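*Asks:* just coords:
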């Protein structure tokens, strides 16, 4: 049976991890590669690096991070942030990333999804959707790291990106992000029943119970979490033990 | 001492470094090449691959690598196909139309039914149905990393392991010295590394 995945997310700014410097065991806790190695050893199922600087002059730094990570870990990893063209995708994939995640660029130019899927295969195109609730059962898509509202309905947009060839959706609730109040279950339910590509839940995880709720109450395939792992509140192993005891199939 | 050389076939579709790196981790040396002459000198070949079936076959032909693969297999030298590379070993595929494969193993490549999410992405288990030296030391029901939208349906008795995803499909196949792995051993930690080590050291 296919296991549910737990995916730590590392925010990288100018080549350094900006959250989660609590890894006392590491020689250089700010080094994304060191943290990636740690999560790999601890049993993370995948990793996502989010380049929050995402400026063109920063690209070289990020490519270097991707190259070094690919040399060191043996689980798949995704790069997001600042990917605007298929050339950007190629550069990241050639450097060793398994998938690329696009957000703003996909909204501005939806063909980027189909072009990328055609060139590199649907399996490596992740579309990140930042959604904010506007009324009962309605969410709107935001871009530019959540600063700009668009006219797009999140559920409709999810269907569209699937049609265009996205292999996976990384769905973040902006209402829940950073609150530690749990994932937006209603949003996850709506999106997972609208598409049949895998969906990663993001935004709001504060306890292990929250991870369980996402898997138990909705059809998501993976959960993304940042702070609960970075600050060593819980280890990946603890999360997996917890889920496993509650009959959620995870890889141990 | 003679050192076995493994050639990783580069047919210009994707990054092959992770496969080479995984071999390094288990002490097996390999080289990446798109040169038919160089690849002909290899004792074993690895045909990796992520991408579309039709494009992959075309690239193999254009680069003169299809014949390298055929000769290698005709000479009974070991070859390992990974993911799309495994699918290419079969007769034909229905990925975006209908394409002829290498037809080294009789069977077809089909899309997963609409009852399951596609791509099949993430960690799933392998259950052995047949013993093989390739599986030595690989723990039963090990989790390995899959990412694919199509699966193989062999018409010969070649299945070594099956995986459940709505139904049981062939996740590792073997026909004499020809091996195919549907998942990514290079991204599958312990079990994946063991498989690569076994391939690297088998006689």
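*Replies:* Great, that's in hand. For clarity, every value in this text was computed on a predicted model and none was experimentally measured.

*Asks:* residues near the residue of the stretch 151-252 of chain A found nearest chain B, how many?
*Replies:* Distances between the stretch 151-252 of chain A and chain B by Cβ to the nearest Cβ are smallest at residue A:251, namely 4.1 Å. Yep, even glycine has a C-beta here, placed from its N, CA and C like the rest. Residue A:251 is flanked by 23 other residues according to other Cβ atoms under 10 Å in any protein chain shown.

*Asks:* secondary structure class for residue B:160?
*Replies:* Following DSSP: H, G, I helix; E, B strand; the rest coil, we place residue B:160 in the strand state.

*Asks:* How about the residues of chain B by chain A?
*Replies:* B:14-15, B:17-18, B:21-22, B:25, B:50-52, B:114, B:117-125, B:143, B:145-149, B:164-165, B:184, B:186-189, B:192-193 (Cβ under 8 Å from any Cβ of the partner chain).

*Asks:* From these, list just the buried residues.
*Replies:* B:14-15, B:17-18, B:21-22, B:50-52, B:117-125, B:143, B:145-149, B:165, B:184, B:186-189, B:192-193 (16 or more other Cβ atoms under 10 Å in any protein chain shown).

*Asks:* Can you tell me which of the residues you listed end up in strands?
*Replies:* If you go by DSSP state E, these have B:120-125, B:143, B:145-148 in strands.

*Asks:* Turn the residues you listed into a markdown table, including pLDDT.
*Replies:* A markdown table is the format used below for these (pLDDT from 0 to 100):
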| residue | pLDDT |
| --- | --- |
| B:120 | 97 |
| B:121 | 97 |
| B:122 | 97 |
| B:123 | 98 |
| B:124 | 98 |
| B:125 | 98 |
| B:143 | 97 |
| B:145 | 97 |
| B:146 | 97 |
| B:147 | 95 |
| B:148 | 94 |
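
*Asks:* contacting residues for residue A:237?
*Replies:* By Cβ atoms under 8 Å, 6 or more residues apart in numbering or on different chains, residue A:237 lies in contact with A:42-43, A:252.

*Asks:* cool, residue A:196 as well?
*Replies:* Going by Cβ under 8 Å, 6+ apart, residue A:196 touches A:162, B:114, B:117-118.

*Asks:* can you check residue A:170 too?
*Replies:* Each residue near residue A:170 by Cβ under 8 Å, 6+ apart is listed here: A:48, A:80, A:101, A:126-129, A:200, A:202, A:224.

*Asks:* What does it show for phi and psi?
*Replies:* phi -100, psi 110 (degrees, to the nearest 10).

*Asks:* what separates it from residue A:214, distance-wise?
*Replies:* From residue A:170 across to residue A:214, the span is 13 Å (Cβ to Cβ, to the nearest Å).

*Asks:* ok, now residue A:189?
*Replies:* For residue A:189, the distance to residue A:214 - Cβ to Cβ - is 10 Å.

*Asks:* Just want to know which of the two has more residues nearby.
*Replies:* Set side by side, residue A:189 and residue A:214 show more neighbours around residue A:214, with 28 against 15, by other Cβ under 10 Å.

*Asks:* wait, that one sits on residue A:201?
*Replies:* Yes. Counting by Cβ atoms under 8 Å, residue A:201 is a contact partner of residue A:214 at 4.6 Å.

*Asks:* Spit out the residues that contact these two alike.
*Replies:* By Cβ under 8 Å, 6+ apart, the residues touching both residue A:214 and residue A:201 are A:183, A:188, A:220, A:223.

*Asks:* Among those residues, pick out the one closest to residue B:31, please.
*Replies:* The shortest approach to residue B:31 among the shared contacts of residue A:214 and residue A:201 belongs to residue A:223, at 39.7 Å (Cβ to Cβ).

*Asks:* Could I get the buried residue list for the longest strand anywhere in chain A?
*Replies:* For chain A, the longest strand by residue count, based on DSSP E, is strand A:125-135. Residues A:125-133 are the ones in strand A:125-135 that count as buried (16+ other Cβ under 10 Å).

*Asks:* Ok, stretch A:66-75 next?
*Replies:* A:66-70, A:73-75.

*Asks:* quick one: the strands in chain B?
*Replies:* According to DSSP E, the strands that chain B contains are B:6-9, B:30-33, B:44-47, B:79-82, B:90-93, B:99-100, B:105-111, B:120-125, B:127-128, B:143-148, B:150-154, B:159-164, B:168-175, B:178-181.

*Asks:* no wait, chain A
*Replies:* Here chain A has its strands, by DSSP E, at A:5-13, A:16-17, A:47-51, A:77-80, A:99-102, A:125-135, A:138-143, A:148-153, A:168-173, A:199-202, A:222-225.

*Asks:* export those strands to CSV and tack on mean pLDDT?
*Replies:* As requested, the strands of chain A are exported to CSV (pLDDT from 0 to 100):
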stretch, mean pLDDT
strand A:5-13, 93
strand A:16-17, 86
strand A:47-51, 94
strand A:77-80, 96
strand A:99-102, 96
strand A:125-135, 96
strand A:138-143, 96
strand A:148-153, 96
strand A:168-173, 97
strand A:199-202, 98
strand A:222-225, 95
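
*Asks:* pLDDT weak spots in chain B?
*Replies:* Low-confidence segments of chain B (pLDDT under 70): B:1-2.

*Asks:* for it, which helix is longest?
*Replies:* Assignment by DSSP state H gives helix B:189-201 as the longest helix of chain B.

*Asks:* Determine the set of other helices and strands touching it.
*Replies:* When contacts are defined as 3 or more Cβ pairs under 8 Å, 6 or more residues apart in numbering or on different chains; DSSP states H and E, helix B:189-201 sits against helix B:17-25, strand B:44-47, strand B:143-148.

*Asks:* No further questions, thank you.
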